[in-house]
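A.B. asks: sequence first, predicted model second:
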Amino acid sequence: MTTTHQTPPTAPAAPMSEFQDLQGKRVLVVGLARCGVSLAHFLTECGAQVTISDHKSKAELASSLEQIEGLGVQLDLGGHSPKVFLQQDVIILSPGVPPNLKIFEYARFNGVLVTGEFEFATWFIKKPIIGITGTNGKSTTCKLTEMFLKESGLQPWLGGNFGEPLVEHLRAVKRGEQFDCVVAEVSSFQLEHCDRFTPQNIVFTNLAENHQDRYKSMEDYVNAKRRIFQNVNQATTSILNADDAAVVELARDPAVQRGRIFYFSRKPALEPQIMTIGGAVCIKDEIRVRTGPEIEYYSVKNMKMRGKHSIDNIMAAILAAREHGAKREHIQKVIDTYGGMPHRLEYVRRVGGVEFYNDSKATNVHAVMRALDAFDENVILIMGGKDTNLSYEPLREMVKRKVKTLILVGEAKERMNRDLGDYSETFLIGTFEEAVLIAYQKSRISDSVLLSPGASSFDMFDSYEERGNYFKEIVAKFR
């Protein structure tokens, strides 16, 4: 974990950087989901001539169209018209839109600037950006960073992949709101579009297989994630998980080494090295942090969040927040009182000696492993959702040791059963409600019923939030 400093490259200049640069520009927004709606409002507020293009029909987009009614935007729905694309000065893609479609290549070939919503928004941001990425733990690390800063009397803006689209920060600034920094969760989908994005701080929580329905290989996914480092310079501080071999391997890249690196770890053996170069280490119930000449100490003895992985999120957030002026005593207060985010190992209730936990945000194998790591044994585990071609074999040992009953539901249940069904009592269930009911019926005093799906929600639900809330509704009726 050595660091070296080299002369940084010059990042390409953004083609626009002031709101007035958008006046009169012809801008095409591709994808009318949440980001597309925000873009439509912001661009029209800045005087741009806006067109919306989406492959869905007007009827399918009725809800989103209501949100932009009266803005005077042009519509290109039910497909993408090449003629419309060539009439633009800028084309902005929503995060869910793959950047390599032929029509975008065609537009680029003909001289039209094509970018993504996240990258586009960063061109106009004047305050320092803390860019937080990784496979799991991003949202919690973002929220902790925001809370550490707010408790210290500072005013961060939080959004990106979590919360509001980044362009909403621009709308807030345009209204006259003031912020000290931007805390941005950054997904691999957003990074695919990034060329000029230059965060002052980069937080990389961990790296594991994910989104194999979007990427042809794990290598493609990793390459999308590593784009967050492409404009690192001597003013950049990267905050990296020393316990994750894939993240440590990324840190060997000369691009990462151009800036300063802080590592965080739960391995006491790494303390001497990390305290020398800067970073954080957790030893028993104490986090030791060094970002300057002095070592600081934080207690996690009374923390409310569950799971060992929560320590990783806390360490990463401390390092990011201290870089922007958060105070030690205010950070400690948040650690002692914050109970965690909804749908992330969220304690629901206790019924007849059985505890229920909602971890609906766990949409990949690595997230389920982190959840199971928080329990010793006697887990009734509910898994299932949209099949995204993940292998569940890495879960076998933990399922064998900790899961007494495995309840599988949804599109991915057959794949999960092939990989995990021999390692626990296993049931394949037809509906989500029935899956929760069977889990309760199979439970006994001192058991824990855990919803940690290991798959996205889109086979049965519109979001992981909807899935988690339905789980809580069902559990609330148990007597």
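C.D. replies: That came through, no problem. Residues are numbered from 1 along each chain as shown.

A.B. asks: show me where the stretch 301-450 of the chain has strands.
C.D. replies: All strands of the stretch 301-450 of the chain, identified by DSSP state E, counting those that start in this stretch, fall at 346-351, 354-358, 379-383, 403-409, 425-429, 448-451.

A.B. asks: pick the most deeply packed of those strands.
C.D. replies: Across the strands of the stretch 301-450 of the chain, averaging neighbours per residue (mean count of other Cβ atoms under 10 Å) puts strand 379-383 on top, at a mean of 28. Using the backbone N, CA and C atoms, a C-beta is placed for each residue, glycine as well.

A.B. asks: point out where this protein drops to low pLDDT.
C.D. replies: Scanning the chain for pLDDT under 70 picks out the ranges 1-12, 211-213.

A.B. asks: any idea which helix or strand comes after the helix or strand harbouring residue 261?
C.D. replies: Assessed by DSSP states H and E, residue 261 sits inside strand 260-265. Later in the chain than strand 260-265, the nearest helix or strand by DSSP H and E is helix 271-277.

A.B. asks: and for that following helix, what's in contact with it?
C.D. replies: Under the criterion Cβ atoms under 8 Å, 6 or more residues apart in numbering, residues 1-3, 242, 261-265, 280-281, 283, 288, 290, 295 lie in contact with helix 271-277.

A.B. asks: can you rerun that using 7 Å?
C.D. replies: Helix 271-277 has contacts (Cβ atoms under 7 Å, 6 or more residues apart in numbering) with 1, 3, 242, 263, 265, 281, 283, 288, 290, 295.

A.B. asks: now find how far off-centre the strand holding residue 261 is within its chain.
C.D. replies: Distance of strand 260-265 from its chain centroid, counting by Cα atoms, centre = their mean, to the nearest Å, is 20 Å.

A.B. asks: so who does the residue most central in space within the chain touch?
C.D. replies: In the chain, the residue lying closest to the centroid (Cα atoms, centre = their mean) is residue 138, at 4.3 Å. Neighbour list for residue 138: 132, 162, 185, 205 [criterion: Cβ under 7 Å, 6+ apart].

A.B. asks: circling back: by contact count, what packs against the strand holding residue 261?
C.D. replies: strand 237-241, strand 279-283, helix 309-322 (3 or more Cβ pairs under 7 Å, 6 or more residues apart in numbering; DSSP states H and E).

A.B. asks: sorry, back to before: report the separation between the residue nearest to the centre of the chain and residue 362.
C.D. replies: Using Cβ to Cβ, to the nearest Å, residue 138 is found at 13 Å from residue 362.

A.B. asks: that older thread, out of the helices and strands packed on strand 260-265, which one sits most buried?
C.D. replies: Using mean count of other Cβ under 10 Å, the stretch among the helices and strands packed on strand 260-265 with the greatest mean number of neighbours is helix 309-322 (a mean of 27).

A.B. asks: re the thing from before, nearest to residue 107, out of the helices and strands packed on strand 260-265?
C.D. replies: With Cβ to Cβ as the criterion, residue 107 lies closest to strand 237-241 of those, at 33.5 Å.

A.B. asks: what packs against that closest one?
C.D. replies: If contacts are counted by 3+ Cβ pairs under 7 Å, 6+ apart, strand 237-241 sits against strand 201-204, helix 245-251, strand 260-265, helix 309-322.

A.B. asks: which one, of these, ends up nearest to residue 438?
C.D. replies: helix 309-322 (27.9 Å).

A.B. asks: extract the C-alpha trace of that closest one and format it as PDB.
C.D. replies: C-alpha atoms of helix 309-322 as PDB (Å, rounded to 0.1, in the frame of the first residue of the first chain):
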ATOM      1  CA  HIS A 309     -19.600  -4.200   7.500                       C
ATOM      2  CA  SER A 310     -21.100  -1.100   9.200                       C
ATOM      3  CA  ILE A 311     -17.700  -0.500  10.600                       C
ATOM      4  CA  ASP A 312     -16.300  -0.200   7.100                       C
ATOM      5  CA  ASN A 313     -19.000   2.400   6.200                       C
ATOM      6  CA  ILE A 314     -18.300   4.400   9.300                       C
ATOM      7  CA  MET A 315     -14.500   4.400   8.700                       C
ATOM      8  CA  ALA A 316     -14.900   5.500   5.100                       C
ATOM      9  CA  ALA A 317     -17.400   8.200   6.100                       C
ATOM     10  CA  ILE A 318     -15.100   9.500   8.900                       C
ATOM     11  CA  LEU A 319     -12.200   9.900   6.500                       C
ATOM     12  CA  ALA A 320     -14.300  11.700   3.900                       C
ATOM     13  CA  ALA A 321     -16.100  14.000   6.400                       C
ATOM     14  CA  ARG A 322     -12.900  14.900   8.200                       C
END
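
A.B. asks: quick one: distance of it to the chain centre.
C.D. replies: Taking Cα atoms, centre = their mean, one finds helix 309-322 lying 15 Å from the centre of the chain it belongs to.

A.B. asks: what packs against it?
C.D. replies: Applying 3+ Cβ pairs under 7 Å, 6+ apart, one finds that helix 309-322 contacts helix 138-151, strand 201-204, strand 237-241, strand 260-265, strand 279-283, strand 286-290, helix 328-337.

A.B. asks: out of those, which is the most enclosed?
C.D. replies: Across the helices and strands packed on helix 309-322, the average number of neighbours (mean count of other Cβ under 10 Å) peaks for strand 201-204, which reaches a mean of 27.

A.B. asks: which helices and strands sit right next to that strand?
C.D. replies: Secondary-structure packing of strand 201-204 (3+ Cβ pairs under 7 Å, 6+ apart): strand 129-133, strand 237-241, helix 309-322.

A.B. asks: what's the closest of the ones you listed to residue 116?
C.D. replies: strand 129-133 (14.1 Å).

A.B. asks: other residues contacting the closest one?
C.D. replies: With contacts defined as Cβ under 7 Å, 6+ apart, strand 129-133 is touched by 122, 138, 141-142, 145, 181-186, 199-204, 225, 228, 320.

A.B. asks: which positions in that strand come out as buried?
C.D. replies: Using 16 or more other Cβ atoms under 10 Å as the test for burial, strand 129-133 gives 129, 130, 131, 132, 133.

A.B. asks: angle of that strand against strand 237-241?
C.D. replies: Inter-element angle recorded for strand 129-133 and strand 237-241: 20 degrees (by axes from the mean of the first three to the mean of the last three Cα atoms, to 10 degrees).

A.B. asks: got the helices and strands packed on strand 237-241 as CSV, with distance to residue 397 columns?
C.D. replies: As requested, the helices and strands packed on strand 237-241 are exported to CSV (distance: least, Cβ to Cβ, whole Å):
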stretch, distance to residue 397
strand 201-204, 26
helix 245-251, 18
strand 260-265, 23
helix 309-322, 17
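
A.B. asks: closest to residue 373 out of these?
C.D. replies: For residue 373, the closest of the helices and strands packed on strand 237-241 is helix 309-322, at 6.8 Å, according to Cβ to Cβ.

A.B. asks: the closest one vs strand 279-283, what angle?
C.D. replies: Using the same axes, to 10 degrees: helix 309-322 against strand 279-283 is 150 degrees.

A.B. asks: domains of the protein?
C.D. replies: Here the domain parsing of the chain from automatic domain parsing is 22-117, 124-337, 346-476.

A.B. asks: can you put these in a markdown table and add distance to residue 14?
C.D. replies: Converted to a markdown table, the domains of the chain look like this (distance: least, Cβ to Cβ, whole Å):
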| stretch | distance to residue 14 |
| --- | --- |
| domain 22-117 | 9 |
| domain 124-337 | 5 |
| domain 346-476 | 32 |
